[in-house]
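1. here is a sequence with its predicted model. Questions after.
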Amino acid sequence: MTTLLSLVVALLLLWLALWTVVARDAFVAVAGFVVYGLLLSLVWVRLAGIDVALTEAAIGGGLTGALLLGAVGRLRGTEAAAAAERSGAGTRAFAALLSLGVTMVLALCVLALPEPAPTLAPQAADNLPATGVGNPITGVLLAFRALDTLLEAIVLVIALLAVWSLAPDRFWGGRPGPRYAADPDGVLSYLARVLPPIGIVVGLYLFWAGADHPGGKFQSATILAAMWLLVQMAGLGDAPRIDGRWLRTGIVVGPLAFVAVGLLGAWQAGAFLGFADGWAKPMIVVIELALLPTLVLVLALLLNGAPARNSGKMPAGDGGR
Amino acid sequence: MALSTGTHAGALLAAAVLLPFVGMLLGVLLGGRQVQRVALACMPLGLALALGITVAWLREGQTLVYLLGGWAPPLGIALRADGLAVAMLLAVAAVVCGIGMYARADFATPPDVRESRAAFSYWLLLMAVWGALNLVFVSGDLFTLYVALELLTFAGVPLVCLAGSGETLRAALRYMLFALCGSVLYLLGAVLLYGGYGTLDIPLLAGAVQPGAIARTALALMTAGLLAKTALFPLHIWLPPAHGGAPAAASAVLSALVIKGSWFLVLRLWLDVMPGVVTWASAQLLAGLGATAIVVGSVVALRQERLKLLVAYSTVAQIGYLFLMFPLAFDATGNVLVHGAASTGGLLQAVSHATAKAAMFMAAGLVYAALGHDRIADLAGIARALPVTVLAFVLAGIALMGVVPSGAYLAKKLLLDAADGSGQWWWTIVLQGGAAFTAAYVVLVLGSALRRRSAALMQVKRVSRLAEFAALLLAVGSLALALAALGPLPGHLVSNPLAPKELAMTLLVLVGGALLALGLSRAPLLAAPRPAAAAPAGRLRQAALALGIACEQADRLVRRWSFASIGLLTLAALFGALLLVGRAT
Amino acid sequence: MSVVLDVFSIVAIVAGLVFFLAGTVGLLRFPDAYTRLHALTKADNLGVALLVTGLLPQMDGLLAALKLLLVWLLLMLSSAAVSQLIAHSARRRECGE
Amino acid sequence: MSEFLLSAAAFVVLMVAVGLVRVARGPSRAERMMAAQLLGSGAIGALLLFGAASGERAMFDVALTLALLSAFASIAFVKFALRQDEKVADDDATEGRR
Amino acid sequence: MNVETLFALCACALVGIGLYGLIVQPHPLRKLVAFNIMGSGVFVLFGALAKRGAAAGMAADPVPQALLITAIVVAFAATAVTVAVLLRLIESTATASLANEPPSGE
């Protein structure tokens, strides 16, 4: 039965991917991709990766989907022009052949994988007690490979700087995106009042659970960011000015605290990003707590995009309807 | 928990990676005018750190290692600095300092605003590029390297379109999408390696990897992906418009530094991770692409009308140079790539290219700033108006050419020796011919700049002395590299730089360059060609023009998206095939 | 006792499945956006509601049961709101034409 | 019991998979949106069944996250894309005829 | 066939499908979607490898899973930056074409 379930999911996934790639309309492709993201969470569950499934459900399906949908809404007829540049049948056939070749070679590699599979699971299990956390993935992310996690926070900050740097000069320091007017239907406003409290509770629960069970700061931050964006979309709140002091502080507090804890480790335990005996768990909690606001802000602001208006005033013709 | 955290000086490596990032974060926090101050304060600190690492490396005489958190690989991550990494760390720190000096004038926050977009973004992104590069050089883990590569891309893309014009935005988008394609292929290779060997640590992998399906596929995919990010011909789809359209201070970063990150990673993969998987034929292919890049890039560069585009296309050619070392480092008896004269030569080339190319872009930017344009045909009189800038350009050109006293000269010498030693005479031709091409565009620009101008030169803007000085400093640094490199290198390489043979060689390169410039430039080089001289050369000039146009068309064809992306996959397939069958000779 | 609970679960879950089936068939076969929406909400609300009802007796702890209820509540909220927004937009589209 | 739950999960996935035809056919963006919504509910239902079958309670957390975020994506859908529907009604009409 | 091999093979196909879209779809947004599909193929492959590495009482090798979380976040950041560049391009030129710039001098 489980095999059948996996088979159905795998076939569905392939069908959706193919269809997303060849669909004529960009909107259709993005809609397909959102569904694809939902389905991927099922794949992760089948592959015993609950933490990954949580991340995928939050980021892959939710945030990426919203980001792409927002982009589709602003394509403004560039699609028709792009359709004229469609490559010829020969190119398409050749591309298909090459892609098929890559797939075949990869499949051969998969079948040639060594048996038994090499794994770091025993080593992770042996060293996990030293970190004081119960969830091995949290252990990997914040102790064994803490550098990756620090870099990841830095990647997000740099991506945000990159997005901001695209603003027209006159809007620098202003707010991103259109200001949405409160929805006259009332439905959205209602949802934006009811959903965020639940979202915050769930987000904080996942944050708290992350030390010993699947979950953690990323998944939690994504949910919180989504709730904030929801409030913005319903017109109940506005996107922040990008030169706000509290905003800038929030953006850097996570990685800076991470570095500070790392330096503390260098002093106490003799290794940057190391933990002295017994200090691992509290230090990990400090890092996660500091990273949470950073991740929430950066994830939400990445969706908001480059500053596009000065504070208060609505740019002509682009106010929320 | 492991008690040892590696060698004594290892902590310096972590500091070198963190310093630019912390600087960037502090810049975000403080904002406004402080951003530039923080960045400029980081630069001497970073240079001091790089010097400290060099001294420590020389003193310890072995690879510096630092285990982060005290966790040993394969579970943990190690930072490592061998000779390659130390040299690159130092070079990048020096170039960043030079660029910082130069950019103070261009990216100062205007007095009437609290914070400006361009200044804020530029300084922070410069820090980000620096940190990412340091990470690329010292990281010993393939996944951390993936994150570092992405960091480099995210910081590089906005630098391309800092000016915000439509053309640069298009270039940035091409760059982004193509680079993403490349990094996914890299990650795919890393994933396969983990599946096969259960670790991503470079030395552990090097010990475990066997030439088999998994290693070959991984190497082919990763190489192709990294070449896309390095913009080696024919994957340079994004480079010319991106490097030609960005502000000069950003172009210098992109051209001198950013592409070195992925190039360095190719070097690491081939030389340190999978030297035994590499085959003679695949190394030949890699260098063959390099040779094609030199010819096409140089010819198209000579046909440009704008100075910055000329410099951008010369980067396409110079990238080709950086890949010539691979077949020369191949040890045919052991079927393995080895560290040696060739890899040292390649490294030296990269370092001298980084310094010289930064200087060249700076000089081009200064010319643009002073004249309000950079049309090569209208440069007359600029040598008199901006002597220091023109001198910097010429010195940088000489450094790139590899004539007598420069670092590139030493590099060329090392590579020529390696080519002789392994009997690969064809790379000797490429190495010497490439120098003539470089000479050609220096001659071209100089010919135009030295011309006397009838009317007085109109300067749109006074250029900053400090910026001119920075360009000159980097150019001189590139020349002086020979002296710095002499320490660790065998002395016979520069036994007699002024011997008649060497001088004749230099002269030959210059004359060859002048002839190429005469033949290939779009506009006739001499303002009023004397009919007597023009007549016999007429047919040659026709042939050269035809070649130029053919190269230009090839370049345009190759830089179409469908062609470039198919080329990317085809290259991956070719590498895969050559890794499989190429165990000959 | 446990047999009774199991039977209850099975009955409820099968009923939920029937609603999923009905929703899918409706989405495919019904003629226009409004009727399709009608079919969809049946699958969304009743289908998941019955699944949750069926699963509740199988839960061993309060937290798990709470989570189940919360999932259902969230789905109800979002599906109701989103359906209305979709219907609204479909209506506006028709009027516009 | 767990075998039954797994079968039920497979059935739900199969059902919503069939419903996906609606995403493909459209004709309007609203219909595609509905099909996406159905698949979201299906995925959540399958996760619940699966979680109950395997005893891995963390799967409920995945279902919770999915419920929250798919609501968010749906609203983004309405906010960004459906509004466009009115503007590109002609495009959709031609598409419907295809 | 066990679940990890099934999904590993499925992942190989996803990579191929994504590559195809990246090459032939002219619109940058479509390329971006294709990139995300290709990326997810790589991720699923890694996830399948993690499942293969189940040992020591763990249902899967935790190291690749932790790396996957990082990789997913990085891919999201990449998507966000690309979308921002694309939207700015459309805003300033009203096109989204990736075609070569017109040859100089014309």
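-> Perfect, I can see it now. What you see is a predicted model; the values in this text were computed from it and never measured. Residues are numbered from 1 along each chain as shown, chains lettered A, B, ... in the order given.
2. neighbours of whatever residue of chain C ends up closest to chain A, just the number please.
-> Using Cβ to the nearest Cβ, C:Ala81 is the residue of chain C that sits closest to chain A, at 4.4 Å. For the C-beta atoms, the positions are set from N, CA and C on the backbone; glycine is no exception. Neighbours of C:Ala81 under the rule other Cβ atoms under 10 Å in any protein chain shown: 24.
3. what's the local residue count around the residue of chain D found nearest chain B?
-> Nearest to chain B in chain D, going by Cβ to the nearest Cβ, is D:Phe80, at a distance of 20.6 Å. Residues lying near D:Phe80 (other Cβ under 10 Å) number 21.
4. follow-up on the earlier one: the residue of chain C closest to chain A in helix, strand or coil?
-> Following DSSP: H, G, I helix; E, B strand; the rest coil, the label given to C:Ala81 is helix.
5. can the longest helix seen in chain E be said to contact chain D?
-> Once chain E is assigned using DSSP state H, the helix that runs over the most residues is helix E:62-93. No - judged by Cβ under 8 Å from any Cβ of the partner chain, helix E:62-93 makes no contact with chain D; its nearest approach is 11.9 Å.
6. which SS class is A:Gly173?
-> A:Gly173 is classified as coil under three-state DSSP.
7. so what's it closest to, chain neighbours aside?
-> The shortest distance from A:Gly173 to any non-neighbouring residue, by Cβ to Cβ, 6 or more residues apart in numbering or on different chains, is to A:Asp243 (4.0 Å).
8. can you pull the contacts of the one you found?
-> By Cβ atoms under 8 Å, 6 or more residues apart in numbering or on different chains, the residues touching A:Asp243 are A:Trp172, A:Gly173, B:Gly31, B:Arg114, B:Glu115.
9. show me what contacts the last one?
-> What that stands for is B:Glu115. By Cβ under 8 Å, 6+ apart, the residues touching B:Glu115 are A:Trp172, A:Gly173, A:Asp243, B:Gly31, B:Gly32, B:Arg33, B:Val35, B:Thr109.
10. that's a strand at the residue nearest to A:Gly173, yeah?
-> No - counting by three-state DSSP, A:Asp243 is not found in a strand; it is coil.
11. how near is it to A:Leu301?
-> Distance of A:Asp243 to A:Leu301, given as Cβ to Cβ, to the nearest Å: 12 Å.
12. again with B:Gly538
-> Distance of B:Gly538 to A:Leu301, computed by Cβ to Cβ: 63 Å.
13. of those two, who's got more company?
-> Using other Cβ under 10 Å, the more surrounded residue of B:Gly538 and A:Leu301 is A:Leu301, with 26 against 12.
14. right, and the more buried one touches A:Pro176 too?
-> Yes - counting by Cβ atoms under 8 Å, A:Leu301 touches A:Pro176, with 7.1 Å between them.
15. which neighbours do these two have in common?
-> Common neighbours of A:Leu301 and A:Pro176 (Cβ under 8 Å, 6+ apart) are A:Ala239, A:Ile242.
16. report how many residues lie close to residue 58.
-> Looking at chain A here, since you left the chain open. 32.
17. oops, wrong one, chain E.
-> Residues near E:Met58, counting by other Cβ under 10 Å, number 21.
18. contacts only, for B:Val390.
-> By Cβ under 8 Å, 6+ apart, the contact list for B:Val390 reads B:Ala363, B:Ile382, B:Ala383, B:Leu446, B:Ala449.
19. so stretch E:32-47, near chain B or not?
-> Yes - using Cβ under 8 Å from any Cβ, stretch E:32-47 reaches chain B at E:Leu32, E:Phe35, E:Met38, E:Gly39, E:Val42, E:Leu45, E:Phe46.
20. and the residue of chain E found nearest chain D, how far from chain C?
-> Per Cβ to the nearest Cβ, E:Ala59 is where chain E lies closest to chain D, at 8.6 Å. Distance, E:Ala59 to chain C, by Cβ to the nearest Cβ, to the nearest Å: 19 Å.
21. and the helix or strand of chain C at the bottom of the mean pLDDT ranking, how far out from the chain's middle?
-> When each helix and strand of chain C is scored by mean pLDDT, DSSP states H and E, helix C:33-41 comes last, with a mean of 76. On the basis of Cα atoms, centre = their mean, to the nearest Å, helix C:33-41 sits 12 Å off its chain's mean C-alpha point.
22. what comes up buried for it?
-> Of all the residues in helix C:33-41, those buried under the rule 16 or more other Cβ atoms under 10 Å in any protein chain shown are C:Ala33, C:Arg36, C:Leu37, C:Ala39, C:Leu40, C:Thr41.
23. now, among these, which is nearest to C:Arg92?
-> Of all the buried residues of helix C:33-41, C:Arg92 sits closest to C:Ala33, with 11.7 Å by Cβ to Cβ.
24. could you pull out the helices for the stretch 1-150 of chain B?
-> B:11-30, B:34-60, B:83-106, B:117-138, B:142-160 (DSSP state H, counting those that start in this stretch).
25. may I have the shortest one as CSV, with CA atoms only?
-> Output of helix B:142-160 as CSV, limited to C-alpha atoms (Å, rounded to 0.1, in the frame of the first residue of the first chain):
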residue,chain,number,x,y,z
LEU,B,142,31.8,21.1,-0.9
PHE,B,143,28.4,22.2,0.5
THR,B,144,29.8,25.3,2.3
LEU,B,145,31.5,26.1,-1.0
TYR,B,146,28.1,25.9,-2.7
VAL,B,147,26.7,28.4,-0.2
ALA,B,148,29.8,30.6,-0.8
LEU,B,149,29.2,30.4,-4.5
GLU,B,150,25.6,31.5,-4.1
LEU,B,151,26.7,34.4,-1.8
LEU,B,152,29.1,35.5,-4.5
THR,B,153,26.3,35.4,-7.1
PHE,B,154,23.8,37.3,-5.0
ALA,B,155,26.4,40.0,-4.3
GLY,B,156,27.7,40.1,-7.9
VAL,B,157,24.3,40.4,-9.7
PRO,B,158,23.2,43.7,-8.1
LEU,B,159,26.7,45.1,-8.7
VAL,B,160,26.1,44.6,-12.4
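26. which helices and strands does that helix pack with?
-> helix A:146-164, helix B:117-138, helix B:166-197, helix B:239-245, helix B:259-268, helix E:62-93 (3 or more Cβ pairs under 8 Å, 6 or more residues apart in numbering or on different chains; DSSP states H and E).
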